[in-house]
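In: Compute the structure for the input listed below.
(2 chains)
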Amino acid sequence: MIYAKVFWTFFKIGLFNFGGGYPMISFIQNEVVFRQAWLSNAEFTDIVAVSQMTPGPVGINMATYTGYSATGSVWGSVVATVAVCLPSFFIMILLANYFLKHQKNDSVQAVFKGLRPAIIGLIAAAALVLCNAENFVDSKSVILFALAFWLAVRYQVHPIKLILAAGLCGWLLY
Amino acid sequence: MLPLIEAEISDRRSWISKKDFLDLTALAQAAPGILAVNMAIFVGYKLRGVPGAICAALGAVLPSFSVILLIAFFFHNFRENETVERIFKGVRPVVVALIAVPVFRLGKNAGVTWKNIGFVAACALAVWLLHVSPVYIVLAAGLGGWLFCRRECK
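Out: Numbers count the residues shown, from 1 in each chain, chains lettered A, B, ... in the order given. This next block holds a predicted model:
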């Protein structure tokens, strides 16, 4: 039953995804592209692009979109989006009731000392997995990659502007 | 997104104070899940309990949900289109670059140093080449931090 699989996949992502939208790319990629093979790498990259250009939390955008693509139905979107938010309910309500006072707790601090660098590793993995022949079709792709990377790091050009410019370049170049 | 949430729930509606907002941000960032949804659930729960949390979460999710669904609907039919394919040929490598950027920009804030850079690389390689689930990476890193940093961090 694909809906049950979609639910369980996104529930896990909601439960274990620390650090926001970028690490989530790695989670969704691992589950949806590699394990379940619901999407190809190129399709997944397109979803990331659309999710970043659309207003609203990237995590919700990606869940909604992937749910739709995986099942071909609106219900897939509903299931994926509800599933990714559900763990937050239990965790935030639990935190609101009991743990608000223990935030500065040494153990909690220690856990995050280990988590933070690992999250950077996960983001790096997401980028590395996407460095493949589907996304890089020729030398022009490599130049676009290098140019965008340099503009984003050096001049902090906004991602939406870069994606729009890249679309224009693609239309002109190919 | 954070300044927008702050302006709305703290300045305009005074649902929570500025100081509580800071604590809430730290908490919502530390918890797993989606930041905006976490904050909505917390504020909704504080104001009106579980029904409040459900309403707030729905409010945070529904706009993105509807817009993306609309896009997914149309994009699904246009993916084969030649012009769309050309545009996305240009977009794809740039998206990869945008994912690579935070690795370098956030590295320092996340506590990546020459001492633990091998650990960061190991996490990346395990997920990239061995397809280890990020779930295990998160569990192992949290446990490792707890075991090794507890004494050191004091």
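In: is stretch A:162-174 up against chain B anywhere?
Out: Yes: using CB under 8 Å from any CB of the partner chain, stretch A:162-174 comes into contact with chain B via A:162, A:163, A:165, A:166, A:167, A:168, A:169, A:170, A:171, A:173, A:174. For the C-beta atoms, the positions are set from N, CA and C on the backbone; glycine is no exception.
In: Can you tell me which of the residues you listed is closest to residue A:151?
Out: The shortest separation between residue A:151 and any of the residues of stretch A:162-174 next to chain B is 6.5 Å, and it belongs to residue A:162 (by CB to CB).
In: Break chain A into its domains for me.
Out: Here the domain assignment for chain A is A:2-134, A:136-174, based on automatic domain parsing.
In: Let me know which of those domains is tucked in deepest.
Out: Among those, ranked by average contacts under mean count of other CB atoms under 10 Å in any protein chain shown, first place goes to domain A:2-134 (a mean of 21).
In: can you give me the end-to-end distance of it?
Out: 26 Å (CA to CA, to the nearest Å).
In: and the two most separated of the residues of stretch A:162-174 next to chain B?
Out: Among the residues of stretch A:162-174 next to chain B, the pair separated by the greatest distance (CB to CB) is A:162 and A:174, at 17.7 Å.
In: And for residue B:132, nearest residue in space, chain neighbours not counted?
Out: Among residues not flanking residue B:132 along the chain, residue B:126 sits closest, at 4.2 Å (CB to CB, 6 or more residues apart in numbering or on different chains).
In: Return the set of buried residues in stretch B:105-124.
Out: Within stretch B:105-124, the residues that qualify as buried by neighbour count (16 or more other CB atoms under 10 Å in any protein chain shown) are B:106, B:107, B:110, B:111, B:112, B:116, B:119, B:120, B:123, B:124.
In: Isn't the fifth one up against residue A:117?
Out: Right, residue B:112. Yes: contact between residue B:112 and residue A:117 holds when scored by CB atoms under 8 Å: they sit 5.1 Å apart.
In: is it true that residue B:122 touches residue A:121?
Out: Yes: with contact taken as CB under 8 Å, residue B:122 and residue A:121 are classed as touching, separated by 7.3 Å.
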